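K.L.:
Below: sequence and its predicted model.
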Amino acid sequence: MQPGQLDNCRICGKLFLRDHTDYCLGCYKITEQDFKLVSDFLSNEQNRFATIEEVSIETEVSVKQVADFIRDGRIYAEDYPNLGYRCSHCDKMIKRQLLCDECFQQFSSEINQTLKRENLVDEIRNTQNKHNKQNNQAKNTNMPQYWQLKK
Ligand SMILES: [Zn+2]
Ligand SMILES: [Zn+2]
């Protein structure tokens, strides 16, 4: 995405002139304030074992927003034993990406299977085409013979 393009704010959906963020200036300011609240809260040694829900309650920043900070790598969840967000599929606590390892494995094997299925369909289609071509060729080679016979 080029800077200086019109885009919808990722947070409020308002159209804005895209610069270096995914959100409009208003949301950017709020997000930065939120980030400061969360990072201040987490930099307190006492809060090292906080869960994402506790962070959210204490800072009044939504769980989703805190999760975004972690996912964007702005907050390094590995430093906080209980901090993480839910896997998009099974609700297990994770500290990076969208899916837990199991769901990721499951999804990638499903994708592989789909790809294999698609390959198989392609293969069947190809052999079908080849078959048709051979049939056509057979017809073509038969044609002159037929005419020759008629002569
Ligand atoms: Zn906005
Ligand atoms: Zn999962």
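P.N.:
Structure's in. What do you need? Ligands and ions are numbered 1, 2, ... in the order given.
K.L.:
Tell me where the protein is predicted with low confidence.
P.N.:
1-4, 133-151 (pLDDT under 70).
K.L.:
And the helices in it?
P.N.:
25-43, 52-59, 63-71, 101-150 (DSSP state H).
K.L.:
hey, C-alpha coordinates of the second one in CSV?
P.N.:
In CSV, the C-alpha atoms belonging to helix 52-59 read as follows (Å, rounded to 0.1, in the frame of the first residue of the first chain):
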residue,chain,number,x,y,z
ILE,A,52,-4.7,-10.1,29.1
GLU,A,53,-8.1,-9.7,30.9
GLU,A,54,-6.4,-8.2,33.9
VAL,A,55,-4.4,-5.8,31.7
SER,A,56,-7.6,-4.8,30.0
ILE,A,57,-9.5,-4.2,33.3
GLU,A,58,-6.6,-2.3,34.9
THR,A,59,-5.9,-0.1,31.9
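K.L.:
on that earlier part again, need the helices of the chain in TSV with mean neighbour count and distance to Asn8, can you?
P.N.:
C-beta: built from backbone N, CA, C; applies to glycine. Putting these into TSV (neighbours: other CB atoms under 10 Å; distance: least, CB to CB, whole Å) gives the following:
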stretch	mean neighbour count	distance to Asn8
helix 25-43	15	11
helix 52-59	18	25
helix 63-71	19	16
helix 101-150	10	28
